[in-house]
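Student: output the structure for:
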Amino acid sequence: MWQEFKAFVMRGNVIDLAVGVIIGAAFGTVVKSLVDDVIMPPIGLAAGNVDFSDLFVLLKAGEAAAPPYASLAAAREAGAVTLNYGAFINNVVAFLIVALAVFLLVKAVNRLYKSPPTTLTTRPCPFCVTEIPLAATRCPHCTSQIAVA
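Tutor: All right, here's what the predicted structure looks like:
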C-alpha cells in the first residue's frame, strides 16, 4: 500500500496540483491587497468618502456599548451582531478580478498550444458529393467508379 501511495503522490498531476494551489493562495493574497488597498479606496472616495470594509447592518446591539457604532471594529468590540455587506462587496470585487485574471491566463495558454494538423481520411465523391474513404475506388452511395486520390 505504501508503494501505491508513493506512486500516486509522485505522479506529475499531484505535484502540478500542489504547485497550483500554492501559487493560487499567493495570488489570492496579492489580489486581496489590490482590491482592499488600491481599487476600493478610490471607489469609496468617489462614492462619498465611504470605506466599504466598514459598511454593515446592525442586527443586534452589543452588551458593552450602545449603538450607533462608529465602525465595524467598534461594533464587534461591543459584541454586536452585524451583517457585513461591505466585506462582501470587497470579496465580490476580488473574485471578479481573479476570474478575469484566470480567464486571460487560460486564453493566453490556449493561444500558445497549436492544434495538431488534421489528416484527411475522407474526400467527397465527385458525382454525389457524399464523404468516402480516400482509398475507395467506388462510391458506396452512388456506385460510381472513382480514381484513387
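Student: show me the strands in this protein, by range?
Tutor: Ranges of strands in the chain, per DSSP state E, are 57-60, 81-83, 122-124, 131-133.
Student: please name the bridge partners of Thr82.
Tutor: Per DSSP bridges, the residues bridged to Thr82 are Leu58.
Student: possible to save the strands of the chain as JSON lines with distance to Val109 and mean neighbour count?
Tutor: Any C-beta I mention is one placed from the backbone N, CA and C, and that applies to glycine too. Listed next are these as JSON lines, based on distance: least, CB to CB, whole Å; neighbours: other CB atoms under 10 Å:
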{"stretch": "strand 57-60", "distance to Val109": "42", "mean neighbour count": "11"}
{"stretch": "strand 81-83", "distance to Val109": "40", "mean neighbour count": "14"}
{"stretch": "strand 122-124", "distance to Val109": "32", "mean neighbour count": "12"}
{"stretch": "strand 131-133", "distance to Val109": "34", "mean neighbour count": "14"}
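Student: out of those, nearest to Val38?
Tutor: strand 81-83 (25.7 Å; CB to CB).
Student: center of the chain, which residue is that?
Tutor: Ala99 (4.3 Å; CA atoms, centre = their mean).
Student: mind checking the strands of the chain for the one nearest to Gly24?
Tutor: Closest of the strands of the chain to Gly24 is strand 81-83, at 28.8 Å (criterion: CB to CB).
Student: same for the closest one, what does it pack against?
Tutor: Packing partners of strand 81-83 (3 or more CB pairs under 8 Å, 6 or more residues apart in numbering; DSSP states H and E): strand 57-60, helix 72-77.
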